[in-house]
Structures are given as C-alpha cells and as structure tokens.
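**Q** Quick one, fold the following:
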Amino acid sequence: MAGNHVTKNPAGPYLIESAPHYRKRCACLAVQRFALWPSSIVRQVVAAYHDELLRAFDSSIYLGHGK
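**A** The predicted structure follows:
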C-alpha cells in the first residue's frame, strides 16, 4: 500500500495535542461558545419577531398605521 505511511500513528504525541497552548485554546473556545449561546437565542427571538411584524404589515387585514 503506497499511502499507508500517512495513516500510521506518529512515534511521539500528535502535533495538535502537543502544541504548547492546546488546552488553553480549548478552554477559551468552550468559554466563548458558552458566552455566545444566550446572545444567539436572543438574536433568533428578535429575528422571529421581526418576521412576524413584516407578515402582519403585509397582510390585508392589518388595520394599523397607514390605512
């Protein structure tokens, strides 16, 4: 098999796991994902409310401003 040497396990630790700041970066990414989670929920709620407002303004039974 010609390409088998690419898939073998390395003699030492894996390159990514042996990086000096790998664990610190993983921890920072986890904190970042957790911190962004509430804001993504708020953005989805605002987008859904905006869609509903546009649908209400476009409907023929809306009797609000601009009759």
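
**Q** what's the pLDDT at V31?
**A** Predicted confidence (pLDDT) for V31: 90.

**Q** Look at it and say how many residues are nearby.
**A** 10 (other Cβ atoms under 10 Å). Heads up, the C-betas are built off the backbone N, CA and C, glycines and all.

**Q** can you check Y22 too?
**A** If we define neighbours as other Cβ under 10 Å, then Y22 has 13 of them.

**Q** Check the spacing between it and F57 real quick.
**A** To F57, Y22 is 51 Å away according to Cβ to Cβ, to the nearest Å.

**Q** What of P20?
**A** P20 is 56 Å from F57, by Cβ to Cβ.

**Q** Which of the two has more residues huddled nearby?
**A** More crowded of P20 and F57, by other Cβ under 10 Å: F57, with 11 against 7.

**Q** so which strand or helix has the more buried one?
**A** F57 belongs to helix 22-58 when assigned by DSSP states H and E.

**Q** From A30, how far off is L54?
**A** Computed as Cβ to Cβ, the L54 to A30 distance reads 37 Å.

**Q** now F57
**A** Taken as Cβ to Cβ, the span from F57 to A30 is 41 Å.

**Q** what's the answer for H50, then?
**A** Following Cβ to Cβ, the distance that separates H50 from A30 is 31 Å.

**Q** Same check on D51?
**A** Using Cβ to Cβ, D51 is found at 32 Å from A30.

**Q** Ok, V42 next?
**A** 20 Å.

**Q** for Y22, same thing?
**A** Distance from Y22 to A30, by Cβ to Cβ: 13 Å.

**Q** pLDDT score for A48?
**A** pLDDT at A48 comes out at 95.

**Q** no, scratch that, I was asking about S40
**A** For S40, the model assigns a pLDDT of 88.

**Q** go on, C26?
**A** If you check C26, the pLDDT there is 87.

**Q** That one: how many residues sit nearby?
**A** C26, neighbours per other Cβ under 10 Å, totals 11.
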